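Undergrad: Requesting a structural model of the entry that follows:
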Amino acid sequence: MAVKRSAIYILTLCVLLSVAALFPANAESADAKMAIDQIHVKMPDLRADVYVEGGGDIPDAASVTATLNNQPLKVERSASVRSADLGVKYVVLVDISGSITNAQMDEIKTELNVNFSSGLREIDEFVLITIGDTATKKLKGGESTSEIQSAIDSLDNTEGKTLLYDAINEAVDITSADSGNINKKDVIIVISDGAEYSEGGHYTKDEIEAKLSGSDAPLYAFGYDTGDRAGLDHFGELARTSGGYMRTIAVGDLGEHMGELSDRIDNSVTLYLQNDTNIVGKDKQTLKIQMSVGGADVSATKEFVARDYAADEIAPTVSGEITQIENKNGIRIEFSEPLIGAENKDAYIVRDKSGNPISVKSVSYKTEKTGAYVELIFADKLYTGEYTMAFSGITDASMEKLPLSGESKFSYKGNPAFLKILKLIFVEYWWAVFIVLLLIVAFILFRIIKKRRGLVKVDGKIGFGDMVEIKHRFEVPESALASIIVIDTKGDAKQVDVEINKSIFVGRSSINNLSFDDDKMSRQHFAIETEGDMFFVTDLGTTNGTFLNGVRLQGKRKLEDNDAITAGREKFIFRSNRK
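TA: Predicted coordinates:
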């Protein structure tokens with residue numbers, strides 16, 4: 001039975017060990033070993049002092065990751081407080097009420113005088129505030145070693161009140177004045193017994209807790225244990241609210257704990273960080289830092305309010321050349337820093353060489369560690385050529401909101417340029433092309449008609465003058481008789497009697513009523529027609545013309561007896577003779 005019980009114990013132990021192996025120390029357990037003691041901000045620069053318990057060597061900046069409100073920060077370098085030459089401002093608050101015993105007061109003086117102030121460097125400061133009936137500033141910082149020692153020696157535990165809140169308020173005001181000083185580290189140290197906090201001061205517990213929660217400097221408390229656990233617990237709450245801690249001590253312990261604090265300060269990892277903007281405000285921001293220490297990943301977060309910033313005097317610019325995006329109808333523009341308004345497609349004014357605007361279809365804006373870039377996709381296919389880019393309503397992400405201005409040029413290889421000309425002609429100026437074509441057609445028709453000796457109407461049909469092979473007749477109620485005396489080039493005259501039934505044709509062609517072998521005469525040269533009892537002569541669009549009594553015919557003319565008609569080399573004397 002005992003053997004079975006032993007086997008069960010062994011089996012249970014193996015299971016527990018296996019489960020433990022499946023769940024190694026995670027980031028949450030590692031987080032408890034790391035704390036962000038202090039953050040100094042002068043945007044876009046930040047300095048974070050990080051304490052890693054048992055951290056050992058200072059980690060390389062490349063192994064550190066930092067984010068501000070989940071946005072990456074640039075880690076420029078890492079160092080210890082000493083190697084970074086950071087000046088430390090120690091703001092020390094000492095309880096001088098009657099509840100502090102003589103032994104406690106003697107120890108406080110000794111540790112401050114011998115083991116603390118004597119280790120100050122020239123770049124360090126020591127501010128001393130007493131907590132009693134009033135909060136009194138004994139040392140303002142910057143005094144000599146002898147002045148510091150004299151002030152410490154003058155401490156006396158004789159006052160009746162403990163205006164702790166007033167003293168803490170004074171300390172926070174002093175350290176807040178350094179919030180924008182990247183090269184200054186602030187520490188608040190409070191030494192008290194945690195008893196008899198007076199309510200006669202100017203500030204309440206809630207007001208001081210709120211002020212500490214927004215403070216950049218941590219508060220480290222050393223509380224002598226007098227048996228007042230409620231007072232010490234309250235003392236600890238104040239310290240933890242600021243990001244610091246409290247140590248409960250007895251006489252003889254102060255030196256050890258102050259030495260521990262001094263080591264913590266000196267060996268903290270100081271990280272120099274850079275944001276991509278100098279924007280500050282009243283809202284709390286969250287800084288998160290992750291690093292690898294001794295093979296383990298540790299992280300910590302801290303909330304703070306960014307109050308100070310460095311003025312931005314450098315306006316954003318386009319970095320390098322504007323490049324064409326392969327396989328896309330668009331371009332990529334790189335900027336020197338992140339921007340506001342760069343995601344708006346109306347902010348980009350693109351024109352071709354002739355000044356015509358190019359419509360932007362879509363915009364894709366992204367930020368990088370070294371700046372930002374945007375990809376523009378155009379609504380229509382771009383043609384090969386030179387283009388200009390201007391900007392409207394784009395600023396940098398700074399307190400000053402400096403505008404992105406100026407004009408950039410870029411080359412684009414797209415559709416052949418002649419296609420643009422064709423599009424311009426047939427799409428935008430189609431009406432002009434149509435008019436030109438009409439004019440061309442009209443001109444060609446005019447030339448053809450003129451060459452073909454005009455248009456004539458024969459028996460109700462329209463045809464070219466040189467192709468008319470039929471007699472054109474006009475309907476009249478009855479035929480008419482006429483005599484035509486033909487006089488040739490030799491002067492010989494011959495009378496020809498003709499019956500005019502609507503009309504007769506005279507010309508070179510044999511199809512005419514009267515034909516003549518005369519190369520100056522057209523195939524059908526002129527016609528004589530009747531209207532009622534009147535006779536008319538009409539030129540049939542001839543090249544050499546028909547003349548009536550020496551005047552070239554223009555249209556239809558009435559004939560009178562003995563009128564002379566000249567056509568070619570022949571002359572015709574007309575005489576009417578009605579039946």
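Undergrad: Flag the shaky bits of the stretch 1-150 of the chain, pLDDT-wise.
TA: Within the stretch 1-150 of the chain, the segments meeting pLDDT under 70 span 1-32, 55-56.
Undergrad: so where do the helices sit in it?
TA: Applying DSSP state H, counting those that start in this stretch to the stretch 1-150 of the chain gives helices spanning 2-22, 27-31, 102-110, 145-153.
Undergrad: swap in the chain?
TA: Along the chain, counting by DSSP state H, helices occupy 2-22, 27-31, 102-110, 145-153, 164-176, 205-213, 229-241, 254-267, 417-423, 430-451.
Undergrad: Taking the centroid of the protein, which residue is nearest it?
TA: Among the residues of the chain, residue 342 comes closest to the average C-alpha position under Cα atoms, centre = their mean, at 1.4 Å.
Undergrad: Skipping adjacent residues, who's closest to it in space?
TA: Excluding its sequence neighbours, the residue lying closest to residue 342 (Cβ to Cβ, 6 or more residues apart in numbering) is residue 365, at 4.6 Å. Using the backbone N, CA and C atoms, a C-beta is placed for each residue, glycine as well.
Undergrad: Now do the contacts for the one you found.
TA: For residue 365, the contact set (Cβ atoms under 8 Å, 6 or more residues apart in numbering) comprises 339, 342-343, 372-374.
Undergrad: what would those residues look like in CSV with pLDDT and distance to residue 394?
TA: Formatted as CSV, the contacts of residue 365 follow (pLDDT from 0 to 100; distance: Cβ to Cβ, whole Å):
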residue, pLDDT, distance to residue 394
339, 93, 5
342, 95, 5
343, 95, 10
372, 91, 11
373, 94, 13
374, 96, 9
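Undergrad: now for the residues you listed, which pair is the farthest apart?
TA: Taking Cβ to Cβ, the two most distant members of the contacts of residue 365 are 343 and 373; they sit 12.0 Å apart.
Undergrad: quick one: residue 244 from residue 213, how far?
TA: Going from residue 244 to residue 213 by Cβ to Cβ, to the nearest Å gives 12 Å.
Undergrad: how much space is there between residue 238 and residue 406?
TA: Residue 238 is 54 Å from residue 406, by Cβ to Cβ.
Undergrad: Settle it for me: which of these two has more neighbours?
TA: Using other Cβ atoms under 10 Å as the criterion, residue 238 and residue 406 rank with residue 238 on top: 21 against 11.
Undergrad: That one touches residue 169, doesn't it?
TA: No: counting by Cβ atoms under 8 Å, residue 238 stays clear of residue 169, with 11.5 Å between them.
Undergrad: Show the pLDDT at residue 454.
TA: Looking at residue 454, its pLDDT is 62.
Undergrad: Also residue 190?
TA: On pLDDT, residue 190 comes in at 96.
Undergrad: Equivalent analysis for residue 457, please.
TA: Listed pLDDT for residue 457 reads 58.
Undergrad: just the strands in the stretch 301-450 of the chain please.
TA: Secondary structure of the stretch 301-450 of the chain (DSSP state E, counting those that start in this stretch): strands located at 323-324, 330-335, 339-340, 348-352, 357-358, 360-368, 371-378, 385-391, 395-396, 407-412.
Undergrad: And these: which comes nearest residue 91?
TA: Proximity to residue 91 (Cβ to Cβ) singles out strand 395-396 among these, at 37.0 Å.
Undergrad: packing partners for that closest one?
TA: Packing partners of strand 395-396 (3 or more Cβ pairs under 8 Å, 6 or more residues apart in numbering; DSSP states H and E): strand 339-340.
Undergrad: residues making contact with the strand it packs on?
TA: Strand 339-340 is contacted by residues 316, 365, 372, 394-397, 401, 404 when judged by Cβ under 8 Å, 6+ apart.
Undergrad: mind redoing it with 7 Å?
TA: Strand 339-340 is contacted from outside by 316, 372, 394-397, 401, 404, using Cβ atoms under 7 Å, 6 or more residues apart in numbering.
Undergrad: Now render these as a markdown table, adding distance to residue 305.
TA: Converted to a markdown table, the contacts of strand 339-340 look like this (distance: Cβ to Cβ, whole Å):
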| residue | distance to residue 305 |
| --- | --- |
| 316 | 27 |
| 372 | 26 |
| 394 | 29 |
| 395 | 24 |
| 396 | 23 |
| 397 | 19 |
| 401 | 21 |
| 404 | 29 |
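Undergrad: filter those to the buried ones?
TA: For the contacts of strand 339-340, a neighbour count by 16 or more other Cβ atoms under 10 Å gives the buried set as 316, 372, 394-397, 404.
Undergrad: my read: residue 152 touches residue 113, true?
TA: Yes: with contact defined as Cβ atoms under 7 Å, residue 152 counts as touching residue 113 (4.8 Å).
Undergrad: Between the two, which has more neighbouring residues?
TA: When residue 152 and residue 113 are compared for neighbours, residue 152 comes out ahead with 23 against 18, by other Cβ under 10 Å.
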